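Student: build me a structure from this.
(one chain, ligands or ions: 1)
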Amino acid sequence: MSLEENGYTIVRNVLSAQDIELLRERIDHVLKLEKVLSKDPLQEHFPPYRFDNGVIHDVYQRFGFFRKYAELDPILDCVESALGRSFYMYDNTLLYKPRDKENEVPWHQDYMSRPKESQKLITWIAIDDATKENGCLKVIPGSHRAGFRDWYRVRGETHHDRLKLDSEEVGRAEYVELPAGDAIIFSNYLVHSSEQNMSNEPRRAFRIAYKGLDNAKVPRGVPILIRHHLEDYSRLDNLEQVGKWRAMIHRIGRRLQQI
Ligand SMILES: O=C(O)CCC(=O)C(=O)O
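Tutor: Down below sits the predicted model:
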């Protein structure tokens, strides 16, 4: 199953049993923070916690213990073979798909609203077994080859950007069930989705997007070089932060919700 041909590949056992336990404990801790804090002390620096739809942004920068898991050699070796010897972290999120919520993710391609940027590779590391029942990823193998499709936006919904697919294509979709500790690496052009979590347990995953240095942009926060060679460094000259305003609007929206 090659990344080039199918748009994704699976890397087995990137987390040890001990890592999995530790991550679960620490994620519980992170999730409880909102309950014990009346105000997020880091809210000026990062997009806010968003427990309701199960996404917490920038956990690498917020909580150092995630770092190790964004820098796992078997994953970075695979990313390097596709993106080249120098690449940085474009963004990272903890995906916490809780039970009892309407949290299906419609068919989409990642970052399709930013078509001018170069390819990213996304690593999605399963922290719980990801199954059909709890809403594992669903992918359409080979769908990355045609690049970005036309998409439309449904205002007011969390996963607002989506694709219209014909039934023949949807019929080729595959569920990517993964035991905890395995990872899928996929191109951001790959068409994917996930269904609602129908189980009684959360379905947790750590997601990291990596990008080569060409046309370097970072949606928010700080760009973190994951692997780089000295000669490539000057290619970061024009690194732009594209999400400054988006992050601010996000924060204002969140405050308004709290009023
Ligand atoms: O974790 C999910 O359910 C969806 C994740 C996703 O769409 C992504 O990683 O781009």
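
Student: CA atoms for contacts and neighbours, from now on please.
Tutor: Fine.

Student: tell me which residues in stretch 150-170 are buried?
Tutor: Applying a neighbour-count criterion of 16 or more other CA atoms under 10 Å, one finds 159, 161, 162, 163 buried in stretch 150-170.

Student: in its sheet, what does the host helix or strand of residue 95 sit against?
Tutor: Using DSSP states H and E, residue 95 sits within strand 87-97. Looking at strand 87-97 with DSSP bridges, its partner strands are strand 55-57 (antiparallel), strand 203-212 (antiparallel), strand 224-227 (antiparallel).

Student: now, of the ones you listed, which is deepest in the fold?
Tutor: Of all the strands paired with strand 87-97, strand 203-212 has the most neighbours on average by mean count of other CA atoms under 10 Å, namely a mean of 24.

Student: who wins for proximity to the ligand among the strands paired with strand 87-97?
Tutor: Among these, strand 203-212 comes nearest to the ligand, with 6.1 Å by CA to the nearest ligand atom.

Student: how far off centre is the next helix or strand after that closest one?
Tutor: Along the chain past strand 203-212, the next helix or strand (assigned with DSSP H and E) turns out to be strand 217-218. Here strand 217-218 shows a centroid-to-chain-centroid distance of 15 Å under the convention CA atoms, centre = their mean, to the nearest Å.

Student: who does strand 217-218 pair with, and is each partner parallel or antiparallel?
Tutor: Partners of strand 217-218 in the sheet, by DSSP bridges, are strand 240-241 (parallel).

Student: state the mean pLDDT of the partner strand.
Tutor: Averaged across strand 240-241, the pLDDT comes to 72.

Student: again with stretch 113-127
Tutor: So the average pLDDT for stretch 113-127 ends up being 94.

Student: span of it from start to end?
Tutor: Using CA to CA, to the nearest Å, one end of stretch 113-127 lies 28 Å from the other.

Student: ok so, going back, can you add distance to the ligand and mean pLDDT and give the strands paired with strand 87-97 back as CSV?
Tutor: Output for these, formatted as CSV (distance: least, CA to the nearest ligand atom, whole Å; pLDDT from 0 to 100):
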stretch, distance to the ligand, mean pLDDT
strand 55-57, 9, 88
strand 203-212, 6, 96
strand 224-227, 19, 93
